[in-house]
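Student: predicted model, plus sequence, below.
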Amino acid sequence: MAESAEAERFSLDDAVDPESPLGAQEQQMLALERAWWKYAGAKEQAIKDLFGMSATRYYQVLNALIDTEEALAHDPMLVKRLRRLRTTRQRARTARRLGTGV
């Protein structure tokens with residue numbers, strides 16, 4: 001699979017800790033979430049190039065991952081931040097659906 005210039009800028013190979021309870025792909029996903037904004041390019045394209053999955057599938061896997069104790073042990077600050085962001089987005093969607101302000 002050919003990687004785009006954006007994906008090459010994400011150096012995720014060094015993000016894998018053999019001592020972590022998480023698998024290599026899970027650790028790389030967290031590493032991407034930790035630092036994707038530092039790099040130029042579209043995150044969705046990097047997701048496709050690096051993980052071979054659609055952005056929708058990536059976020060499904062990521063949401064399941066951040067609910068695990070292993071992910072929390074691996075990178076507590078990042079996982080807590082991602083959980084907070086998810087909760088904020090869920091509340092905003094619910095408020096829009098119900099027609100109330102946040």
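Tutor: Okay, I see it. This structure is a prediction, so every number in the text was calculated from the model and none was measured.

Student: can you name the residues that contact the most centrally placed residue in the chain?
Tutor: Taking Cα atoms, centre = their mean, the centroid of the chain lies closest to Glu33, which sits 4.2 Å from it. By Cβ atoms under 8 Å, 6 or more residues apart in numbering, the residues touching Glu33 are Leu62, Leu78, Leu82. C-beta coordinates here come from the backbone N, C-alpha and C atoms, glycine included.

Student: can you give me phi and psi for the last one?
Tutor: Backbone torsions for Leu82, taken as degrees, to the nearest 10, come to phi -60, psi -40.

Student: if I look at it, how far off is Gln90?
Tutor: Distance of Leu82 to Gln90, computed by Cβ to Cβ, to the nearest Å: 13 Å.

Student: in terms of neighbours, single out the busier of those two.
Tutor: Higher neighbour count among Leu82 and Gln90: Leu82, with 20 against 10, using other Cβ atoms under 10 Å.

Student: not counting sequence-adjacent ones, nearest residue to that one?
Tutor: Spatially, and ignoring its direct neighbours in sequence, Leu82 is nearest to Ile66 (4.8 Å; Cβ to Cβ, 6 or more residues apart in numbering).

Student: any idea how many residues pack against Ala95?
Tutor: So Ala95, with other Cβ under 10 Å, has 12 neighbours.

Student: what strand or helix carries it?
Tutor: Using DSSP states H and E, Ala95 sits within helix 76-98.

Student: okay, buried residues for that helix please.
Tutor: For helix 76-98, burial by neighbour count (16 or more other Cβ atoms under 10 Å) applies to Leu78, Val79, Leu82.
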